[in-house]
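Enquirer: Please find the sequence and the predicted model below.
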Amino acid sequence: MPVNNKNENQHPPLPILPGSTVGILGGGQLGRMMILDGRKMGYKFVTLDPAEDCPAGQVSDIQIVSEYSSIQAAEQLARRSQVITYEFENVDAKMTQFLQERSYVPQGSELLHTTQHRLREKVAIEKAGVQVAPYFPVGTEQELHDGVDKLGLPCVLKTCTGGYDGKGQWLLKTTQDVAAAWSEIQTSGAVQPAVDSSDSTANDSPTEPGFILEKFVPFERELSVIVARNPSGEIKTFPTAENIHKNHILHLSIVPARVSKEVSERARSLAESIAASLELAGVMGVEMFLMENGELFVNELAPRPHNSGHYTLDACVTSQFEQHIRGICNLPLGSTELLSPVVMVNILGQDVAPVLAQLHTFPDTVKLHLYDKSEARVNRKMGHINVMAKDTDEALHQIAQFGIWDV
Ligand code: AMP
């Protein structure tokens, strides 16, 4: 039996061996890929998600179809699982607490609490000795003006909770933009500076600000590192990825990143410091900005497998999904060695038909992953391809030749 002990400094938990059942909160593509890789190792999976036809539910041993807030469903998940993980970060904190009392949740609720809130996240990154872009907490209009005075324009105003894919963000270039953003916030009512403390992603205190103002940093490249840690304290990072976004959605991950070895190694070392400081279990995506002078600012943490780590499925000895399972089960971590240069391209709803039409023309080193989502809506993540080639220029050239995406 696994030891369900959170105080890993005293007693690192025993490994949770293959044959055990892993419970996953959430049924999206990240859960699906965790299951597909974990099953190869002999683990069983139970998923909890409201949608019957969800990507992870389709491939799980047992599927619990329910709202996340259902206590009965959570009890069922806890009863059936030797270890529980999540595949998205906006999990209700109360639910994690409930599950922790009944099963083993090695990632804990603390990591979620930190990463669900941009300000708490930045403080945690700085505590790990890692730099973030200069910022200023904002709860009132006066604080917004104070922040602009301190940081100078341009700035980016972001909601502390709930923003994704560029939503809940305002780029402020002029004083008119500052006034317009605040007025939009006030009138839309969509984003409240003071957050209701009964909300799952809420601030701890009503005085905790609802926004963060960041200095706009004219970065040269966006990088990310997938870092893994197990409760015994072993840490490994995957090779640094260079990411290109389109309409705030990840479009390409290029590996190795087109940066110096020194920058790439520094990025990995920053990610390791954060993983150690947060006592991570499983994998985490660490997104960074590389400045022209070589400085790295960490922008965001994702306490789970990350889209920019999908290249590991075909181009590394161990995938990020297998590594996540190893991490939460306290197995030794697998090798993160890169076997081939690779470019990952996301397949969005509008790309599915052209990809299928072109499939027969793809070189045999292109690997297709589709998540079996029924509705191919515009900008919905439907799958990805990993293009392996002798170098990343060649992979990018091949992608350009497909004529599906602007590269
Ligand atoms: P985020 O939601 O924080 O990941 O931001 C989404 C995207 O906005 C990032 O991937 C960047 O391209 C851009 N961005 C966010 N914050 C900044 C910043 N402080 N300076 C420049 N660009 C930013």
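Expert: Cool, got the structure.
Enquirer: quick one: contacts of stretch 243-263?
Expert: Applying CB atoms under 8 Å, 6 or more residues apart in numbering, the contact partners of stretch 243-263 are 165-167, 221-224, 239-242, 264, 267, 287, 290, 294, 296, 307-311, 315, 338, 341-346, 348, 379, 381, 392, 395-396, 399, 405-407. In this view, the C-beta of every residue, glycine as well, is placed from N, C-alpha and C.
Enquirer: Of those residues, which are in range of the ligand?
Expert: Filtering the contacts of stretch 243-263 for neighbours of the ligand using CB under 6 Å from any ligand atom leaves 166, 222.
Enquirer: Buried ones among the contacts of stretch 243-263?
Expert: Buried by 16 or more other CB atoms under 10 Å: 221-224, 239-242, 264, 267, 287, 290, 296, 307-311, 315, 338, 341-346, 348, 381, 392, 395-396, 399, 405, 407, out of the contacts of stretch 243-263.
Enquirer: Where do the helices of the chain begin and end?
Expert: 29-40, 71-80, 93-102, 110-115, 118-127, 141-151, 175-188, 261-278, 312-315, 320-328, 352-358, 392-402 (DSSP state H).
Enquirer: Tell me which of those helices is the most buried.
Expert: Mean neighbour count (mean count of other CB atoms under 10 Å) peaks for helix 320-328 among the helices of the chain, with a mean of 27.
Enquirer: How many residues are close by the residue in the stretch 301-407 of the chain positioned nearest to the ligand?
Expert: The stretch 301-407 of the chain approaches the ligand most closely through Ala302 (9.6 Å), counting by CB to the nearest ligand atom. Residues within reach of Ala302, counting by other CB atoms under 10 Å, total 20.
Enquirer: Number the residues from 56 up from this point.
Expert: With 56 as the first residue, the last one maps to Ala357.
Enquirer: State the pLDDT value of it.
Expert: The score at Ala357 is 96. That number is its pLDDT.
Enquirer: quick one: Gly97 and Ile71 touch, right?
Expert: No: if you go by CB atoms under 8 Å, Gly97 and Ile71 don't touch, sitting 11.5 Å apart.
Enquirer: So the two - more neighbours on which side?
Expert: Between Gly97 and Ile71, Ile71 has the larger neighbour count (other CB under 10 Å), namely 24 against 10.
Enquirer: which residue packs closest to that one, ignoring adjacent ones?
Expert: Sequence neighbours aside, Cys384 is the residue nearest to Ile71 in space, at 4.0 Å (criterion: CB to CB, 6 or more residues apart in numbering).
Enquirer: burial count for that neighbour?
Expert: A count of neighbours around Cys384, defined by other CB under 10 Å, yields 28.
Enquirer: dump the residue contacts of it.
Expert: Listed by CB under 8 Å, 6+ apart, the contact set of Cys384 reads 70-72, 75, 77, 98, 138, 285.
Enquirer: How about Leu351?
Expert: Contacts for Leu351 (CB under 8 Å, 6+ apart) come out as 186, 278, 318, 321-322, 325, 343-345.
Enquirer: out of everything not next to it in sequence, what's closest to it?
Expert: Nearest non-adjacent residue to Leu351, counting by CB to CB, 6+ apart: Met343, 5.0 Å away.
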